[in-house]
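K.L.:
Got a sequence here, can you build the structure:
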Amino acid sequence: MLSEPYLKTASTLARVAREMADQTIADRLRALAEHYERQADRASVMDSAGASGRPSVAAKAG
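P.N.:
Residues are numbered from 1 along each chain as shown. Okay, the predicted model is just below:
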């Protein structure tokens, strides 16, 4: 599942941001965590597209 690594990274970044004393760095870590959550959403869509049996671009070309 492609989305799992993104979600794990997002969770780690969010946890570190909560523990961060420097607010500027914490805000940047939160923004990065949100980015990884969006990536997880995209990967989840890709996972479901693959599971639905839709042919990939490589399969169409070959």
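K.L.:
so where's the protein uncertain?
P.N.:
Within the chain, the ranges that satisfy pLDDT under 70 run 1, 51-62.
K.L.:
which residues of it fall in helices?
P.N.:
Remark: helices assigned in the chain by DSSP state H are 3-19, 23-51, 57-61.
K.L.:
Pipe those helices into CSV and attach mean neighbour count per row.
P.N.:
All C-beta spots, glycine's among them, are computed from the backbone N, C-alpha and C. Supplementary listing: the helices of the chain in CSV, determined by neighbours: other CB atoms under 10 Å:
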stretch, mean neighbour count
helix 3-19, 15
helix 23-51, 14
helix 57-61, 7
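K.L.:
can you tell me how far residue 3 sits from residue 46?
P.N.:
8 Å (CB to CB, to the nearest Å).
K.L.:
With residue 4 instead?
P.N.:
With the distance defined as CB to CB, residue 4 ends up 13 Å from residue 46.
K.L.:
One more: residue 20?
P.N.:
With distances taken as CB to CB, residue 20 is found 31 Å from residue 46.
K.L.:
and residue 20, backbone torsions?
P.N.:
Backbone torsions for residue 20, taken as degrees, to the nearest 10, come to phi -70, psi 130.
K.L.:
Now for it, how many residues are close by?
P.N.:
Counted by other CB atoms under 10 Å, the residues lying close to residue 20 total 15.
K.L.:
Is it in contact with residue 28, as I believe?
P.N.:
No: between residue 20 and residue 28 no contact is recorded; they are 9.3 Å apart, counting by CB atoms under 8 Å.
K.L.:
In contact with the residue nearest to residue 30 when sequence neighbours are not counted, which residues?
P.N.:
Closest residue to residue 30 apart from its sequence neighbours, by CB to CB, 6 or more residues apart in numbering: residue 17 at 4.7 Å. Residue 17 sits next to 26, 27, 29, 30, 33 when contact means CB atoms under 8 Å, 6 or more residues apart in numbering.
K.L.:
gap between residue 17 and residue 45?
P.N.:
Remark: distance between residue 17 and residue 45 (CB to CB) = 26 Å.
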